[in-house]
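Trainee: my questions concern the predicted model and sequence given below.
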Amino acid sequence: MSIKNKQIVLSGIQPTGELHIGNYLGSLKNFIELQDKYQCYFFIATYHSITESYDPKVKHQQILDLAATFLAAGLDPKKCIIFNQADIPECTELAWIFNTITPISELYRMTQFKDKSSKQVKNINAGLLDYPVLQAADILLYKPNFVPVGHDQLQHLELSNEIVRWFNNKFGEYFQPIKPLLTKTPRVMSLLEPDKKMSKSAGPNHYIALSDEPEVIKEKLKRAVTGTGTEEVMPAGAQNLITLLSEFGTQKQVEYFQNAIQNKTIKYSELKETLSTAISDKLADFRAERNKLLSNPKKIELVLKAGAKKAEKIAKKTLKEVKELIGVA
């Protein structure tokens with residue numbers, strides 16, 4: 001199937017520091033599979049990332065780090081379009097147009113706004129509220145067929161489709177509703193608080209970064225919460241480690257430790273050691289390639305610029321047609 005006939009998929013990740021294994025299993029691993037089936041746009045969501053408190057001195061490096069992670073993990077610029085959102089000004093221009101048709105009450109009910117506001121009470125900015133409108137612009141600029149999401153992200157995609165409806169009702173049929181590409185992703189939990197999702201904001205010992213060296217992975221897993229080994233029901237911490245082993249280890253290893261937990265003969269130190277080796281080995285090539293890419297930042301920047309050039313053609317065409325429809329061009 002030619003690229004022209006392929007259906008389009010779009011997704012983005014914010015450059016806010018190192019990605020962890022939960023990000024990999026939840027998004028990046030899926031991206032790598034999608035690039036062989038669809039015409040894919042994968043962007044670095046830079047404008048979204050500046051709605052949080054951040055250090056401008058390190059933001060550019062975070063962009064390069066994320067791009068290097070994309071490439072080292074297996075995203076291929078020959079198969080997909082990789083670009084920096086900040087290189088496509090049409091996204092913010094379309095977002096402003098969408099602002100004029102989006103009821104503010106819809107934005108106040110967004111769960112993510114409530115969650116993020118509670119975490120950054122001293123920085124509840126307009127961008128934080130308007131985040132889903134920019135997200136709708138990011139998506140609709142490229143008229144994708146699908147956006148890969150987890151169930152917790154469906155609300156924002158629903159708002160994007162409401163914006164499609166409001167726009168079409170006011171200016172005539174133009175945008176098509178976007179379908180979610182629901183992805184089955186393992187629920188990866190914090191190493192220290194297994195009742196919460198793995199997150200960078202909780203602290204470095206709560207997660208395993210994709211860039212962590214083997215010794216760091218080993219030390220983090222040593223601290224991971226498990227159980228006593230005598231429980232009747234598998235503890236959440238132990239289940240989390242088994243979930244990770246099922247992704248990074250072998251089926252034989254998983255069965256061995258599941259049986260040991262069930263029979264109450266488990267040695268959690270053995271499980272942690274096995275998991276540490278499995279994760280380190282699986283990510284060895286990735287770490288080497290990422291380090292190689294980061295030693296040559298110009299190469300990364302060329303990939304982003306080439307991707308932006310391709311994305312810009314589509315974005316400019318969409319924005320031109322939208323401006324004509326709304327009567328400003």
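Mentor: Arrived safely, thanks for sending. Numbers count the residues shown, from 1 in each chain.

Trainee: strands of the chain, start to end?
Mentor: 8-13, 39-44, 80-84, 146-149, 179-182 (DSSP state E).

Trainee: in CSV: those strands, plus distance to Gly127 and mean pLDDT.
Mentor: (Glycine included, C-beta is placed from N, CA and C.) Below are those laid out as CSV (distance: least, CB to CB, whole Å; pLDDT from 0 to 100):
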stretch, distance to Gly127, mean pLDDT
strand 8-13, 15, 96
strand 39-44, 17, 98
strand 80-84, 17, 98
strand 146-149, 21, 92
strand 179-182, 24, 90
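
Trainee: buried ones in the worst-scoring helix or strand of the chain on mean pLDDT?
Mentor: None of the helices or strands of the chain scores lower by mean pLDDT, DSSP states H and E than helix 111-119, at a mean of 81. If you call a residue buried by 16 or more other CB atoms under 10 Å, then helix 111-119 has these buried ones: 113, 116.

Trainee: just the CA coordinates for it, please, in PDB.
Mentor: Output in PDB follows, covering the C-alpha atoms of helix 111-119 (Å, rounded to 0.1, in the frame of the first residue of the first chain):
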ATOM      1  CA  THR A 111     -10.400  16.200  34.300                       C
ATOM      2  CA  GLN A 112      -6.800  16.900  33.300                       C
ATOM      3  CA  PHE A 113      -7.300  20.600  34.000                       C
ATOM      4  CA  LYS A 114      -8.500  19.800  37.500                       C
ATOM      5  CA  ASP A 115      -5.700  17.300  38.100                       C
ATOM      6  CA  LYS A 116      -2.900  19.600  36.900                       C
ATOM      7  CA  SER A 117      -4.300  22.600  38.700                       C
ATOM      8  CA  SER A 118      -4.200  20.800  41.900                       C
ATOM      9  CA  LYS A 119      -0.500  19.900  41.300                       C
END
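
Trainee: pull the distance from that helix to the chain's centre.
Mentor: Computed by CA atoms, centre = their mean, to the nearest Å, the separation of helix 111-119 from the middle of its chain amounts to 18 Å.

Trainee: what mean pLDDT does stretch 248-266 get?
Mentor: Mean pLDDT, computed over stretch 248-266, is 96.

Trainee: show me the contacts for Ile32.
Mentor: By CB atoms under 8 Å, 6 or more residues apart in numbering, the residues touching Ile32 are 73-75.

Trainee: with Glu90 instead?
Mentor: 141, 312, 315-316, 318-319 are the contacts of Glu90 under CB under 8 Å, 6+ apart.

Trainee: do the same with Ala67
Mentor: Per CB under 8 Å, 6+ apart, neighbours of Ala67: 44, 82, 84, 300, 303-304.

Trainee: burial of Leu28, as a residue count?
Mentor: 20 (other CB atoms under 10 Å).

Trainee: hmm, it is touching Leu71, no?
Mentor: No - using CB atoms under 8 Å, Leu28 is not in contact with Leu71; the gap is 11.1 Å.

Trainee: any regions of the stretch 1-150 of the chain where pLDDT drops low?
Mentor: 1-5 (pLDDT under 70).

Trainee: mind listing the helices for it?
Mentor: If DSSP state H, counting those that start in this stretch is used as the criterion, the helices of the stretch 1-150 of the chain fall at 21-23, 29-34, 46-49, 56-73, 90-99, 104-108, 111-119, 126-140.

Trainee: still on that earlier bit, need the contacts of Ile32 in a markdown table with neighbour count, can you?
Mentor: Formatted as a markdown table, the contacts of Ile32 follow (neighbours: other CB atoms under 10 Å):
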| residue | neighbour count |
| --- | --- |
| Ala73 | 19 |
| Gly74 | 16 |
| Leu75 | 21 |
